[in-house]
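S.K.: below are the sequence and a predicted model; questions follow.
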Amino acid sequence: MALVIYNTLTRKKEAFTPLHPERVHMYVCGPTVYGHPHIGHAKSYVSFDAVVRWFRYLGYRVKYVQNITDVGHLTDDADEGEDKIEKKAREERLDPWEIAQYYTWSYFDDMDALGVLRPTISPHATGHIIEQIELVKTLLEKGYAYEVNGSVYYDVCKFPEYGKLSGRRLEELEAGARVAVNPEKKHPFDFALWKRAEPGHIMRWPSPWGEGYPGWHIECSAMSMKYLGETFDIHGGGIENAFPHHECEIAQSEAATGRPFVRYWMHNNMVTVDGTKMGKSLGNFVTIKDALKDYSPLTLRFFILSSHYRSPVDYSAQALEGAQKGLERLHNSVRHLYRALQKATDSSDVSSPFSIETFQRRFEKEMNDDFNTPKAIAVLFDFSRELNKYLHQPGPHHKPFLQEAERFYQVFAGEVLGLLPEEVTREPSAPIQQMVEKLIQLTVEVRGELRRRKLWPLSDKIRDQLARLGIVIKDRPDGSSEWEIGE
RNA sequence: GGCGCCGUACCCAAGUGGCUAAGGGAGAGGUCUGCAAAACCUCGAUUCGGCGGUUCGAAUCCGCCCGGCGCCUCCA
């Protein structure tokens, strides 16, 4: 079954065909770097990470561009208010450049922790002022924009398709308008392409219209088209950005080039916390760094991928704890497989107990259906149950089969969903690591001897003490013991 | 006021016209076990917010109602 993607533009699932054979050009709106990333960012970028990984699994070369917004994003509506980064800079008594850099690093740190692969290009808005100015000039030349007092606005009335992505019409928007009208604008929904810098504004650049700075929407058009072409395959982002941000991107880009901008629009849904939307004013704002104090990065990632990217998800202790247990179950199964693999013989007189290919096909089918990660995860669990049953039987186990099972986990749980910890995937360990493992093994063996002599209090003490160090001992029915580093 | 989404077992969450309504957590019973943990087996919604309608057939389509949420203003 071929890959189908839900396209916000057409509001239906469509078969995916790339513009250029075997290549995918994809852009996802990146963060505005004025604060630590929160779990909403986590959902968005983990979701699109799974998308990228799936494209690569399917054999596409993916050019994945994700911007860093470090200028132009204002705090208020109607192109009024302060630049978010300059505001934060004032609060923290740093200059805006330092703020942007600091939170850019914070963002990448958190994404690395969550196993989100880096985009192939991470352009900064401030690094593309020239491209943005050029785009504004084009829009002025073509009559889609007008200049007022050193600012340039997009003239939405000149673009009849404005609203096609979000299903809105200008007349309706006007009727429900709650924004104060900026007197410089011809129409309330005209938006700023370039803003005149007021005295005291730090981030400013010379332009044909005087010193100023770019509007928020223009950066995405300028950078996406620079790196991906005037028409490209996929544009992703949070659903709340469909209007006005993505609508404005379409208006700018298509007006400037006369060509379709994006072929498939993908929007992820929101994260709520205990049932309500996250908001700084509500005091329920959970940063990724906060979440990682309570849960492992993989738990967070598993939690996110356990619901569909287009569904909203509620962050709650109960849900996260459930996710943690579920992920442990999956990891345990992988560990059991590794243990069995070490003991397995090459004897070919035993046959494969079940078809791994069946599970592979199911997994592919689910991911090909608009990246249905919850169902794909369910396939992993079904697979684990079958495998556990087989491993639970006394040996000998079929080594080629176990190797195939290992590959299944590595590819689908590991490479595609990014849910396997290093501990079960890593290459032969470093010398110091090997020594630690031998020390633990020695301790476990001593405890085994104590148990044979029925010295329970002392053997339990060793188990408890190791547990405090994060080393979990599990005794097996035959009297042997295994150990592992806890989650 | 306009646009849109959701309501599936105790919790999370797939399924969107027709095989037994996935999967995970929690729970119950069992196997194993010095205890613990893990693993394995078994059980768990005759039912999908409510009421009507369309249909041979609906959780899935339509209408109304109840409840929750998002966007329309910055937000992943």
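M.R.: That came in fine, so what should we check first? Residues are numbered from 1 along each chain as shown, chains lettered A, B, ... in the order given.

S.K.: the strands in the stretch 1-150 of chain A, which residues?
M.R.: Applying DSSP state E, counting those that start in this stretch to the stretch 1-150 of chain A gives strands spanning A:4-7, A:12-15, A:23-28, A:61-66, A:145-148.

S.K.: quick one: closest of those strands to RNA strand B.
M.R.: In terms of C-beta to the nearest atom of the strand, the element of these nearest to RNA strand B is strand A:23-28, at 7.6 Å. Just so you know, the C-beta spots here come from the backbone N, C-alpha and C atoms, and that holds for glycine as well.

S.K.: still on that earlier bit, so which of the strands of the stretch 1-150 of chain A gets nearest A:Trp483?
M.R.: Evaluated with C-beta to C-beta, the strands of the stretch 1-150 of chain A place strand A:61-66 nearest to A:Trp483, the distance being 39.6 Å.

S.K.: now the closest one: average pLDDT?
M.R.: Looking at strand A:61-66 alone, the average pLDDT works out to 97.

S.K.: pull out the buried positions in that strand.
M.R.: By 16 or more other C-beta atoms under 10 Å, the buried positions in strand A:61-66 come out as A:62-66.

S.K.: A:Tyr264 versus the closest residue to A:Leu117 other than its chain neighbours, what's the distance?
M.R.: Counting by C-beta to C-beta, 6 or more residues apart in numbering, A:Leu117 lies nearest to A:Asp49, which is 5.9 Å off, once chain neighbours are set aside. Using C-beta to C-beta, to the nearest Å, one gets 17 Å for the distance from A:Asp49 to A:Tyr264.

S.K.: okay, those two: which has more neighbours?
M.R.: Counting neighbours by other C-beta atoms under 10 Å for A:Asp49 and for A:Tyr264 shows that A:Asp49 has the greater number, 24 against 21.

S.K.: which pLDDT value belongs to the more buried one?
M.R.: For A:Asp49, the predicted pLDDT is 96.

S.K.: with distance to A:Arg463 as added columns, please give the strands of the stretch 1-150 of chain A in CSV.
M.R.: Shown next, in CSV, are the strands of the stretch 1-150 of chain A (distance: least, C-beta to C-beta, whole Å):
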stretch, distance to A:Arg463
strand A:4-7, 50
strand A:12-15, 52
strand A:23-28, 47
strand A:61-66, 46
strand A:145-148, 71
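
S.K.: which of those strands has the lowest average pLDDT?
M.R.: strand A:12-15 (a mean of 87).

S.K.: that strand and RNA strand B, are they touching?
M.R.: No: between strand A:12-15 and RNA strand B, judged by C-beta under 7 Å from any atom of the strand, nothing touches; the nearest distance is 9.9 Å.

S.K.: show me the contact partners of stretch A:355-374.
M.R.: A:1-6, A:13, A:47, A:50-51, A:54, A:57, A:305-310, A:375-376, A:378-380, A:382-383, A:386, A:401, A:404-405, A:408, A:412, A:416-417 (C-beta atoms under 8 Å, 6 or more residues apart in numbering).

S.K.: from those, list the buried ones, please.
M.R.: A:3, A:5-6, A:47, A:50-51, A:54, A:305-310, A:376, A:379-380, A:383, A:386, A:401, A:405, A:408, A:412, A:416-417.

S.K.: so which of these reach RNA strand B?
M.R.: Among the buried ones among the contacts of stretch A:355-374, RNA strand B is touched by A:306-308 when using C-beta under 7 Å from any atom of the strand.

S.K.: out of the residues you listed, who's nearest A:Gln465?
M.R.: A:Ser306 (34.5 Å).

S.K.: which phi and psi does that closest one have?
M.R.: Per-residue torsions, A:Ser306: phi -80, psi -10 (degrees, to the nearest 10).

S.K.: and stretch A:159-169, end to end?
M.R.: 11 Å (C-alpha to C-alpha, to the nearest Å).

S.K.: ok, that stretch near RNA strand B or not?
M.R.: Yes: using C-beta under 7 Å from any atom of the strand, stretch A:159-169 reaches RNA strand B at A:166-168.

S.K.: of those - the most surrounded one?
M.R.: Counting by other C-beta under 10 Å, top hit in those: A:Ser166 with 20 neighbours.

S.K.: check which helix or strand covers it.
M.R.: According to DSSP states H and E, A:Ser166 maps onto no helix or strand at all.

S.K.: ok, it - contacts?
M.R.: A:242-244, A:246-247.

S.K.: RNA strand B versus the residue nearest to A:Leu117, what's the distance?
M.R.: 12 Å (C-beta to the nearest atom of the strand, to the nearest Å).

S.K.: so that residue touches A:Asp112, yeah?
M.R.: No: assessed by C-beta atoms under 8 Å, A:Asp49 is found out of contact with A:Asp112, at 11.3 Å.

S.K.: any low-confidence regions in chain A?
M.R.: Scanning chain A for pLDDT under 70 picks out the ranges A:1, A:72-81, A:171-181, A:280-283, A:347-350, A:395, A:423-434, A:478, A:486-487.
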